[in-house]
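Engineer: Here is the input, now give the coordinates:
(2 chains)
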Amino acid sequence: MSPTLIFDRTLIRRRLARAARHDPSLFLLDYVVEDLLERLTFIKRDFTTAADIGTPAPTLAHRLAAQKDHCPVVWMNPVMPRPRERKDERILEIVGDLERLPFGEACFDLVVSVLSLQYANDLPGALIQIRRSLRPDGLFLGCLAGGQTLQELRACLVAAETEISGGISPRVAPFADVRDMGGLLQRAGFALPVADSESLCVRYAHFFDLVADLRRMGAANSLTERSRKPASRRLFLRAAELYAERYSDPDGRIRATFDLIFIAGWVPHESQQKPLRPGSAQVSLTQVLPDKTANL
Amino acid sequence: MQTNDDKEPRQQPEAGSEPTRIDPRLLEILVCPLTKTTLEYDAARQELISRAARLAYPIRDGIPIMLPEEARPLEDEAIAR
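Structural biologist: Residues are numbered from 1 along each chain as shown, chains lettered A, B, ... in the order given. As a prediction, the model looks like this:
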């Protein structure tokens, strides 16, 4: 194991499991699932074997399985399933970690993943494993929280902690930038990589509603370098004050940004379009473009 | 029911009901997450055995738990068998 792990993945599993057992907050996940399914409708391809890797609720797997061509769908649950949960015959459920995928090579022709890759310590490694689990010409379509996610919360916690203790400890995770994702996909061996981002503003009545909602998403601080001292009530009260001062709307509600990065890539295949090799052109540009030098 | 929130719940098959079996389609695609080598299915113990990693991954209620932290380390004689 590398000594510089950013996320405590066992703790992330516990946080997600706790959220799933109580009253999970799924609005963000449901929003992304709808967006991702819509993106999938634009791809004119019949997928026969699909896998959902790490999405923290079965929503996406259920929806994919309901579309006839995707039957059955493997769902890799990031946490232990709850006992006596209703089983869907079309979903083949397993438990696994997206940094250590338990799939052989070329198993699927579609892999999806929603709101889980932002917790990867080794994102390029996870993408490489996903690519290897796909057949040639297979598609990976995913969404992860990116760059500007919770920027307001980060700023307020930093300001409050600096005021109170004269220093800061990591409280909001570092997120990948959309500008890096195309390169990462390419490095992982994907062809035709696409990455775009969508900023979603969510409004809450109060700072503590935002914090409670993050807990119900299983998204409380899981950084390896997090402070082991319990955060003081004073810190959160001050952060709440700063949040209300800086990021509230006229009606008193506060704004929180969720930056959603959608990524897509194909496993290379002969049938895909490719750029020509440099120097392979048969026609000179001077033959197709007018010769401007003649007028000089 | 859950006394400690931070513990991952272990699930037990309900008494009297037939334990759910693993879907055979899963056996074709699953490999050891550490070594990416093939697994042996032990139907009696409901385990997936990775000889390369010397681990037995449990299958609980038909759901394979492919986490090395949850796997049972194999003794030498079990591997030689």
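Engineer: Would you mind finding the longest strand in chain B?
Structural biologist: Across chain B, the longest stretch assigned as strand under DSSP state E is strand B:55-60.
Engineer: Show me where chain B dips below the pLDDT cut-off.
Structural biologist: B:1-19, B:76-81 (pLDDT under 70).
Engineer: can you do 80?
Structural biologist: Applying pLDDT under 80 to chain B flags the ranges B:1-20, B:76-81.
Engineer: what about residue 50, neighbour count?
Structural biologist: Reading this off chain A. The local packing of residue A:50 (other C-beta atoms under 10 Å in any protein chain shown) involves 25 other residues. All C-beta spots, glycine's among them, are computed from the backbone N, C-alpha and C.
Engineer: that's the other chain; I wanted chain B
Structural biologist: With other C-beta under 10 Å as criterion, residue B:50 counts 25.
Engineer: And for residue A:245?
Structural biologist: 10.
Engineer: for the one 4 residues further on, same thing?
Structural biologist: Residue A:249 is surrounded by 10 other residues when neighbours are defined as other C-beta under 10 Å.
Engineer: if I read this right, it contacts residue A:201, doesn't it?
Structural biologist: No. Judged on C-beta atoms under 8 Å, residue A:249 makes no contact with residue A:201 at a distance of 9.8 Å.
Engineer: Give the residues shared as contacts by these two.
Structural biologist: Residues touching both residue A:249 and residue A:201 (C-beta atoms under 8 Å, 6 or more residues apart in numbering or on different chains) are residue A:255.
Engineer: Skipping adjacent residues, who's closest to residue 40 in space?
Structural biologist: Since no chain was named, I'll use chain A. residue A:141 (6.4 Å; C-beta to C-beta, 6 or more residues apart in numbering or on different chains).
Engineer: I was thinking of chain B, sorry if that wasn't clear
Structural biologist: In space, residue B:40 is closest to residue B:49, 4.4 Å off (C-beta to C-beta, 6+ apart).
Engineer: wait, is the one you found part of a strand?
Structural biologist: Yes. Counting by DSSP: H, G, I helix; E, B strand; the rest coil, residue B:49 falls inside a strand.
Engineer: In contact with it, which residues?
Structural biologist: B:39-42, B:55-57, B:74.
Engineer: about what we covered before: what packs against the longest strand of chain B?
Structural biologist: Counting contacts by 3 or more C-beta pairs under 8 Å, 6 or more residues apart in numbering or on different chains; DSSP states H and E, strand B:55-60 packs against strand B:47-50, strand B:72-73.
Engineer: Parallel or antiparallel, which strands does that strand pair with?
Structural biologist: Taking DSSP bridges as the criterion, strand B:55-60 sits next to strand B:47-50 (antiparallel), strand B:63-64 (antiparallel), strand B:72-73 (antiparallel) in its sheet.
Engineer: Name the surrounding residues that touch that strand.
Structural biologist: For strand B:55-60, the external contacting residues (C-beta under 8 Å, 6+ apart) are B:10-11, B:13, B:22, B:32, B:34, B:39, B:42, B:45-50, B:64-68, B:70-74.
Engineer: if I look at residue A:230, how far off is residue A:261?
Structural biologist: 32 Å (C-beta to C-beta, to the nearest Å).
Engineer: before we move on, back to that, would you convert the helices and strands packed on strand B:55-60 into a markdown table that also reports distance to residue A:236?
Structural biologist: Converted to a markdown table, the helices and strands packed on strand B:55-60 look like this (distance: least, C-beta to C-beta, whole Å):
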| stretch | distance to residue A:236 |
| --- | --- |
| strand B:47-50 | 44 |
| strand B:72-73 | 42 |
